[in-house]
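Q: only the shape, not the letters, is given here:
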C-alpha cells in the first residue's frame, strides 16, 4: 500500500527494515503537516482583518462583539437550564 518507493523497498533490500518504513512514514506525515501549516499561515495573512480597510473592519468588529455577547447568553442559558 505504498504510494512511494521510500521505505517500501522491502522485497529483498536488507537495509529497509520495518523501522525504516515507520520512520519514512513519520517523516512523510511531518512534511505533509508542515505543508498544510505553511498554507494555513499564508491564508491567515491574506485573510487577516489587520489588513482590511475601515469599511470592512468596523462592521466586522461589531459582529464580533455581538457574537461574543450571544455566546455568553447561550452558555448562561444552558448552565441554568
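A: Sure thing, it's come through. Bear in mind the structure is a predicted one, so any value in this text is a computation, not a measurement.

Q: so for the helix or strand where residue 72 lies, what's the average pLDDT?
A: Assigned by DSSP states H and E, residue 72 belongs to helix 54-80. Averaged across helix 54-80, pLDDT comes to 78.

Q: who does it touch, helix- and strand-wise?
A: Counting contacts by 3 or more Cβ pairs under 8 Å, 6 or more residues apart in numbering; DSSP states H and E, helix 54-80 is packed against no other helix or strand. Quick note: C-beta positions are derived from backbone N, CA and C, even for glycine.

Q: from the centroid of the chain, which residue is nearest?
A: With distances taken as Cα atoms, centre = their mean, the residue of the chain nearest its centroid is residue 37 (5.7 Å).

Q: for residue 44, see how far away that one is.
A: 10 Å (Cβ to Cβ, to the nearest Å).

Q: just residue 68 next, same as before
A: 20 Å.

Q: ok, now residue 38?
A: For residue 38, the distance to residue 44 - Cβ to Cβ - is 11 Å.

Q: name the residues of the longest helix along the chain that are buried.
A: The longest helix of the chain (DSSP state H) is helix 18-46. Along helix 18-46, the positions that meet the burial threshold by neighbour count (16 or more other Cβ atoms under 10 Å) are 20-21, 24.
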